[in-house]
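Undergrad: Quick one, structure for this:
(4 chains)
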There are 4 protein chains.
Amino acid sequence: MMKPFQLAARENKKEDTIIQVTGPGSSVKIGEGYCTIIAGPCAVENRDDYIELAQFLAHSGAHLLRGGLFKPRTSPYSFRGLGKEGLDILKEARSATGLPVITEVMDVRDLDYLVGEVDILQVGSRNMQNYALLDQLGQINTPILLKRGLAATIEEWLLAAEYILARGNGQVILCERGIRTFEPYTRNTVDIGAVALVKNLSHLPVLVDPSHATGKWDMVIPVAKAAIAAGADGVMVEVHQNPDYALSDGKQSLTPDNFRKMLKQVTDIAKLEGKIMNTEEKM
Amino acid sequence: MMKPFQLAARENKKEDTIIQVTGPGSSVKIGEGYCTIIAGPCAVENRDDYIELAQFLAHSGAHLLRGGLFKPRTSPYSFRGLGKEGLDILKEARSATGLPVITEVMDVRDLDYLVGEVDILQVGSRNMQNYALLDQLGQINTPILLKRGLAATIEEWLLAAEYILARGNGQVILCERGIRTFEPYTRNTVDIGAVALVKNLSHLPVLVDPSHATGKWDMVIPVAKAAIAAGADGVMVEVHQNPDYALSDGKQSLTPDNFRKMLKQVTDIAKLEGKIMNTEEKM
Amino acid sequence: MMKPFQLAARENKKEDTIIQVTGPGSSVKIGEGYCTIIAGPCAVENRDDYIELAQFLAHSGAHLLRGGLFKPRTSPYSFRGLGKEGLDILKEARSATGLPVITEVMDVRDLDYLVGEVDILQVGSRNMQNYALLDQLGQINTPILLKRGLAATIEEWLLAAEYILARGNGQVILCERGIRTFEPYTRNTVDIGAVALVKNLSHLPVLVDPSHATGKWDMVIPVAKAAIAAGADGVMVEVHQNPDYALSDGKQSLTPDNFRKMLKQVTDIAKLEGKIMNTEEKM
Amino acid sequence: MMKPFQLAARENKKEDTIIQVTGPGSSVKIGEGYCTIIAGPCAVENRDDYIELAQFLAHSGAHLLRGGLFKPRTSPYSFRGLGKEGLDILKEARSATGLPVITEVMDVRDLDYLVGEVDILQVGSRNMQNYALLDQLGQINTPILLKRGLAATIEEWLLAAEYILARGNGQVILCERGIRTFEPYTRNTVDIGAVALVKNLSHLPVLVDPSHATGKWDMVIPVAKAAIAAGADGVMVEVHQNPDYALSDGKQSLTPDNFRKMLKQVTDIAKLEGKIMNTEEKM
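TA: Below you'll find the model as predicted:
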């Protein structure tokens, strides 16, 4: 049966897409055969904490720094990020650590100053079907990390990727971040089967975000390990020096210690799976 | 318990919000005590068909014309609407019938030419949490019809309304359009209880869109009737001269004959409920 | 396309199934063209309260008495019903009011003493796919009210009915009682579209249980009205003299006063729909 | 906060429950620190094929044989298992291989002849809240494998276990088999987070059934690996000599070759996790 997605389909591109992202001091390959660790706080909250954490993460072995400038928040009264003002902090962290950075974009009008400054642009769950945004992202040359919508089918997710691919930007990284179900104990339900399935259906890289997917820091390590065991090309996790004081998503953030623990265990599984940790190759 | 939404909460505004929308030849009140019928094709496809249908609908008793210029489509390869070019057709239909019109906006950049030309702007399900768009809509003076996201909780829906209200635009109309569940026989599952609940929780008007909610034309009439019986302030339905040839959503469109049938039956229930059909008052 | 259910399908039996249930003092027809009101407490708690309530309900216009002897409870530590001991109370209420009665059966071994004593046997949501039970119910001559499973598709529900029909018992009444979704504000989500759809797909009667479906007494009236407007053949509601003191499901129980209010409003819609209230015909 | 389940809660029993199951030729420990592989066809279809497959599985390293005698099928017209007649085949396979066996029970009346003959009794998803059955299983001395209901919350699942524990049978093994979501590409959605969470909340062993969970044989291996990486105490998989000719669930069955492949990869992860494969200890 013909798939409704075409450019995203493995039938139409047999070789796996490997996306190379280059920071000032290191280069990361995202895709089959590699394992990529993206880490950072949910949101950039202030300069000093972010730089300190970034250095810790770089030193510990993270490959990419995440740092939200614009936070899509369910309530208009929640902390919504530093916005454009945070960009200088992100750039400073990038220089200081040498690592490439990723941040979320929610508004087409912000592309003017974000493009060229960050290494990957993220589309969040709520905007997976924001077609005005996808159309625009298809016309730039920056890799896009496309999170699955909170109730998007696998087909809709791949069709959202197709919007970007169809406009000419072939650098799309998929990111499973949990789907909405009836289960109230966890924030979302990680669709681990989707990881295996999308690796079959598509040539695009697939990451997993166990922090948003579970909403509980003590589930992040087991789910991150499961992700790699199921075939994911890496994970994106939230880390915070003081999760209890985080302005957003504290409950799901790893402490620095737990981040190191996770990295060790994920690396073991990645090696068992024959994946190259991006840090190894560098050496 | 304090609700996370404030301006949208009935506790903070006891009287029901009634939104008055005025076309060149008629005026419509949307909210408690009134029953409003919005009708039209899913998308404006071409001038002649749209004008002909608009005149039929006006003549039959519809209160507002719907007509999509920008269609959010799951696949980038589907018909995505006439775009800006369709606006003249919509304006012509507005003049020809005297009825106010509603159309969907997906991109903040389109507001420049849409504001002032249409009577209600619709935010579709996929954009219910497009906060860049909501923020902007909160700063204009046009009524907004805010569809519930396909997997949005009632609280998230009211918080999306809160984004608009918090920026200063108090004219928000909620629209239940079905939620995503496991049931494959229908496109979505109409959450009829949400209608009753939101009428309790909030002072804002609530409509139901039985066409998108069910995806099957022969369920539109019973669900439209149920909506009014449950307390909805009106319905928005898709009508097409030739549903089999519609460029989008044909399966869920009523024929003109079935539209008349629906209008008759919905009117009977609305009267039983003590609601004023907007057409009556006009006279 | 051939439906997987056959005896339940309208294709194979054009005329609507009307099930006649006869109590000591009245006879009720359940199916197309009639509107049936089943009422009572969630569980029979003690003799005096149940008899008093039964008399109130009979006097107010209910057509059938419900009274749970065995309550399927999520926790083994909750009140699980009076069991076999409650049957005498139910029989006394039946004699005292003249109304037929319905009770739930959960265990095939209870059929020995229930068959012949109650007028309808109910299969609850949790047992919709308890095939040992369905097989047995197919071999008796008592009408069965088959509730939809909490996450059963319409097809699975009709196939569960098919189990009973296939064994020879053609008297199956379907009952929509809400499905499980992600929405936390209501206990379940009433699938009002399923009512319209099942009336098309099958010749079997369809009722709605707005009490279990919503879990909130103040949503029972609007949802009951919506049910009839959408084509349901009646409703089953919970009523309790003192909802605050009910041993189970108090929050969703109507007071006697609200029951009367509901009955009045449901009757108005039923008449508009051309349905015969069972009480009318009796006279 | 007090959990509604008590006997199942880790708060009330700190040490992990390890359940020992002994076949004629081997003994298996199920619980923390061990990895258990249960394998077999969905249903026992005929003697020769079942015995042949059982010997292959025993030889390859499976620890327990599964073989359904009673198959809960959505349609009454599907193959429903050999029933009581199949028990002799199961017993023969048990003797021939020395492995303990597990089979599903759906009807309390079947316990008479099943108890004492099989080593574990399974409660299927559809019967997770069949309380008549759970009550009875709580009064015997056979370990129970309790599958999660297809839309059961984690709390409801643990409360179903509580029914068995509260009656005196402490040998309950939980089994995640996928939950129902909106996603149509897979049969169910494996809730991998639930595995990690239940290992925290409870002392009971947790297995995963990747065959029913995904419905696709080529997803069984990655999901089985993910299960172990997330902390599961083993997996239960379907194997069939000729999946294309299976009377039930062929699409999700592994071929013998793929079973060996899975066993190898699952063993590697289990060892990395410090788990003892039951076969090792035997030696």
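
Undergrad: near chain C, which residues of the stretch 101-250 of chain A?
TA: For the stretch 101-250 of chain A, the residues in contact with chain C (C-beta under 8 Å from any C-beta of the partner chain) are A:151, A:180, A:181, A:182, A:184. Yep, even glycine has a C-beta here, placed from its N, CA and C like the rest.

Undergrad: filter those residues down to the ones close to chain B.
TA: Counting by C-beta under 8 Å from any C-beta, the members of those near chain B are A:151, A:180.

Undergrad: And the residues of the stretch 101-250 of chain A next to chain C, which is closest to residue D:30?
TA: Among those, residue A:181 lies closest to residue D:30 (C-beta to C-beta), at 27.4 Å.

Undergrad: Which positions in chain A make contact with chain B?
TA: A:4-6, A:72-77, A:80, A:106-109, A:126-127, A:129-132, A:150-151, A:155-156, A:159, A:162-163, A:166, A:180.

Undergrad: make it 7 Å
TA: By C-beta under 7 Å from any C-beta of the partner chain, the residues of chain A that approach chain B are A:4, A:72, A:74-76, A:106-109, A:126-127, A:129-132, A:150-151, A:156, A:159, A:162-163, A:166, A:180.

Undergrad: which of these are buried?
TA: A:4, A:72, A:74-76, A:106-108, A:126-127, A:129-132, A:150-151, A:156, A:159, A:162-163, A:166, A:180 (16 or more other C-beta atoms under 10 Å in any protein chain shown).

Undergrad: re earlier: just the residues of the stretch 101-250 of chain A next to chain C: which has the poorest pLDDT?
TA: Minimum pLDDT for those is recorded at residue A:184 (91).

Undergrad: quick one: low-confidence ranges for the stretch 1-150 of chain A?
TA: A:1-2 (pLDDT under 70).

Undergrad: Tell me, how many residues neighbour residue A:120?
TA: 22 (other C-beta atoms under 10 Å in any protein chain shown).

Undergrad: Just confirm it contacts residue A:102, I think it does.
TA: Yes: contact criterion C-beta atoms under 7 Å: residue A:120 and residue A:102 qualify, at 3.9 Å.

Undergrad: Find the residues that touch each one of those two.
TA: Common neighbours of residue A:120 and residue A:102 (criterion: C-beta atoms under 7 Å, 6 or more residues apart in numbering or on different chains): residue A:145.

Undergrad: Please enumerate the strands of the stretch 101-250 of chain A.
TA: A:101-104, A:120-123, A:144-147, A:172-176, A:206-208, A:234-238 (DSSP state E, counting those that start in this stretch).

Undergrad: With residue B:89 as the reference, name the closest of the ones you listed.
TA: That would be, of the strands of the stretch 101-250 of chain A and by C-beta to C-beta, strand A:120-123, which comes in at 32.3 Å.

Undergrad: Show me the one of the strands of the stretch 101-250 of chain A that comes nearest residue D:256.
TA: Checking the strands of the stretch 101-250 of chain A against residue D:256 by C-beta to C-beta gives strand A:206-208 as the closest, at 29.7 Å.

Undergrad: The closest one near chain D at all?
TA: No: using C-beta under 7 Å from any C-beta, strand A:206-208 stays clear of chain D, coming no nearer than 9.9 Å.
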